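In: Dropping a prediction and its sequence here:
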Amino acid sequence: MFQTGGVREKVSERPGGFPHPIIRNLPQDYHSNVVPKTSGSGPACFISVHSLSSAMKPVSATWVGHRGFPPSEKDLVTKFLATLCLESLADKANELRGRDDCIVNSDAFARGREHVVFELNFGDGIEWVARIPLPHRLLGRTTAEIRSEVATIRFVCQHSGLPVPRVQGFDFDWTNKVGAPYVLMDAIRGRIYEKILPDIAESKKAGIYHQLAAKLVEMSKLPRWNKIGFLLGENSQYTITTMAFEGYHRLPAVISSRKFYFQRANWFLESKLQEGNQEWIAVAWLYREAIPHFLQSQYENGPFPLRHPDFSNPNILYDDEDNIAGIIDWTAAQTSPWEQFARYPHEFNRRSFPSGAVAIREWELFLQFLEDEEKKVDPAIPMTKFIGSKAGRIAELVDEYHSYSVLPMEDIKELIYLIYGSGITWEEIKGMAVKQILSF
């Protein structure tokens, strides 16, 4: 189980207006009688797939196609979709079910950053979806990530009741009859909130955050592994041979969280050295220096939990009563260090503009529900304690290293304060970084 590296501290104010992440004592109006809805008996993955009654809208009714993506993306995707033979998807689905009445709805699709999704309907009302990668988003990657995603979803289905779509079939070949790799899955009926978690209606937050906390605890109960990396395999025979950093920089799997973090930090630092921007070089150096301040030595050698790489609203489906109906997009999911697994949904790390404030009340609400759920598994609430600790906040800030196109100065200042206190400036950090790097 997960432990923290010391006593939890309570700090009410910090220089520069950065509130300390350790939080307690929820406001009275944040308590709720809402209980996370369970899927009933048995794992959600094995519940019967959706059957479409005449009174129900198609699963694609809320899909918005290109909305939210730049016009340049629309042209690229439209040209790619024109090359696909969607009838071959129907043929494959009919073959898998022993039917001849599958229809692919080509008039509607859903889009993610890296995939497009089509709806398949059978004459008996069963609904599937086909998930197809967008070639201009693969950035030179192979289909290894798709193979790993299929293995990961099957592993999650076999070992939990998490609401994950069951995989029905797949083809990883770009030269197949469809014209692209695809994965056929059960359709999960639900909608995606177009707002990030801190921006949803106050009246809904308690119920939704409680459910998210419960799902994170359930993920923590999945079988753990002695390596950090991608799952591969089928028929319950899984292996881990490679891992990747953000951007899909692939390396051999490792058996130590310390090795994972330092390999990642050195790779990021090397990339910034090649770019030659001294400020970004200093940021990369700072992230590397931060590692000993959050590593939990007792978990350095695992076992390691399976982590969804983007457990946040864009990948959560909700039903009409705001119950979590599905957790989707397991692309690039891999086993990870505990310090990376035990964290808030990353949307809580967004800062308000122009104040730079973080969502303290959101942290408080989520952490209280996480504690309530984790107590059911472990009264010592180790994950809750780590997330709310100084070490947990440092780990969270470091894990955002890949998210910024401009210098994240508020994060940098907070990280400097957490590591060095109030007596050192960003200019001094840059000097230390240049001096140390040039000395090698």
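Out: Arrived safely.
In: count of neighbours near Thr425?
Out: Neighbour count for Thr425, taken as other Cβ atoms under 10 Å: 12. (C-beta placed from N, C-alpha, C; glycine too.)
In: Looking at it now. What's its pLDDT?
Out: At Thr425, the predicted lDDT confidence score is 95.
In: Now do it against Lys92, distance only.
Out: 61 Å (Cβ to Cβ, to the nearest Å).
In: What of Lys435?
Out: For Lys435 relative to Lys92 (Cβ to Cβ), the value is 60 Å.
In: Between these two, which has more neighbouring residues?
Out: Relative neighbour count places Lys92 above the other of Lys435 and Lys92, with 22 against 9, counting by other Cβ under 10 Å.
In: quick one: contacts for the residue nearest the centre of the chain?
Out: Centroid-nearest residue in the chain: Asp310, 1.5 Å away (criterion: Cα atoms, centre = their mean). By Cβ atoms under 8 Å, 6 or more residues apart in numbering, Asp310 lies in contact with 329, 346.
In: what's the helix or strand for it?
Out: Using DSSP states H and E, Asp310 sits within no helix or strand.
In: Per-residue pLDDT of it, please?
Out: Predicted confidence (pLDDT) for Asp310: 91.
In: Please apply the same query to Pro70.
Out: pLDDT, read off for Pro70, is 79.
In: And for Tyr404?
Out: 84.
In: Could you count how many residues lie near it?
Out: 13.
In: Now it. Its backbone dihedrals?
Out: Main-chain torsions, Tyr404, degrees, to the nearest 10: phi -120, psi 140.
In: Any figure for the gap between it and Ala359?
Out: Taken as Cβ to Cβ, the span from Tyr404 to Ala359 is 18 Å.
In: which regions of the protein sit below the pLDDT cut-off?
Out: Along the chain, the model assigns pLDDT under 70 to residues 1-56, 139-141, 247-248, 353-354, 438-440.
In: Show me the domain layout of it.
Out: 15-36+204-218+256-438, 51-138+167-186 (automatic domain parsing).
In: Looking at the ones you listed, which is nearest to Ser160?
Out: domain 15-36+204-218+256-438 (5.9 Å; Cβ to Cβ).
In: quick one: the biggest strand by length in the chain to chain centroid distance?
Out: Longest strand in the chain by number of residues, with DSSP state E as the criterion: strand 103-111. Centre-to-centre, strand 103-111 and its host chain are 25 Å apart (Cα atoms, centre = their mean, to the nearest Å).
In: tell me which residues of it are tucked away?
Out: 104-105, 108-111 (16 or more other Cβ atoms under 10 Å).
In: do the same with stretch 259-267
Out: 260-265.
In: Take those and keep only those in helices.
Out: 260-265 (DSSP state H).
In: just the helices in the stretch 301-440 of the chain please.
Out: Secondary structure of the stretch 301-440 of the chain (DSSP state H, counting those that start in this stretch): helices at 338-341, 360-375, 382-387, 390-399, 409-420, 426-438.
In: sorry, that was for the stretch 1-150 of the chain
Out: Using DSSP H, counting those that start in this stretch, helices in the stretch 1-150 of the chain cover 71-82, 86-97, 144-159.
In: What helix or strand is Gly233 located in?
Out: Counting by DSSP H and E, Gly233 is part of strand 231-234.
In: Counting by contacts, list what that strand packs against.
Out: For strand 231-234, the elements it packs on are helix 144-159, strand 237-240, judged by 3 or more Cβ pairs under 8 Å, 6 or more residues apart in numbering; DSSP states H and E.
In: strands paired with the shortest one, and their directions?
Out: Strand pairing for strand 237-240, using DSSP bridges, gives strand 231-234 (antiparallel).
In: Would you mind measuring from Arg224 to Pro303?
Out: From Arg224 to Pro303 the distance is 3 Å (Cβ to Cβ).
In: Give the buried residues for stretch 76-95.
Out: Quick answer for stretch 76-95 (16+ other Cβ under 10 Å): 77, 80-81, 84, 86, 88-93.
In: Turn those into CSV, columns for distance to Gln368.
Out: Below are the buried residues of stretch 76-95 laid out as CSV (distance: Cβ to Cβ, whole Å):
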residue, distance to Gln368
Val77, 42
Phe80, 45
Leu81, 45
Leu84, 47
Leu86, 47
Ser88, 50
Leu89, 45
Ala90, 48
Asp91, 51
Lys92, 47
Ala93, 44
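In: for the stretch 101-250 of the chain, what spans make up the strands?
Out: 103-111, 115-121, 127-133, 167-171, 182-186, 231-234, 237-240, 242-245, 249-252 (DSSP state E, counting those that start in this stretch).
In: For those, give me TSV that also has distance to Phe366.
Out: Putting the strands of the stretch 101-250 of the chain into TSV (distance: least, Cβ to Cβ, whole Å) gives the following:
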stretch	distance to Phe366
strand 103-111	27
strand 115-121	28
strand 127-133	29
strand 167-171	30
strand 182-186	29
strand 231-234	27
strand 237-240	30
strand 242-245	26
strand 249-252	30
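In: right, and the ones you listed - which one's nearest Tyr209?
Out: Among these, strand 103-111 sits nearest to Tyr209 (Cβ to Cβ), with 25.0 Å.
In: by contact count, what packs against that closest one?
Out: helix 86-97, strand 115-121.
In: so can I have JSON lines of those showing distance to Ser336?
Out: Listed next are these as JSON lines, based on distance: least, Cβ to Cβ, whole Å:
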{"stretch": "helix 86-97", "distance to Ser336": "33"}
{"stretch": "strand 115-121", "distance to Ser336": "22"}
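In: mind checking which of these is nearest Gln340?
Out: strand 115-121 (23.6 Å).
In: so Ile132 makes contact with Leu84?
Out: Yes. Assessed by Cβ atoms under 8 Å, Ile132 is found in contact with Leu84 at 7.2 Å.
In: Quick check: neighbours shared by the two?
Out: 178, 180.
In: re the thing from before, closest to Ser220 out of the helices of the stretch 301-440 of the chain?
Out: Among the helices of the stretch 301-440 of the chain, helix 382-387 sits nearest to Ser220 (Cβ to Cβ), with 6.2 Å.
In: May I see the buried residues of the closest one?
Out: Quick answer for helix 382-387 (16+ other Cβ under 10 Å): 382-387.
In: I'd guessed Gly190 sits against Tyr318; true?
Out: Yes. Counting by Cβ under 8 Å, Tyr318 is a contact partner of Gly190 at 5.4 Å.
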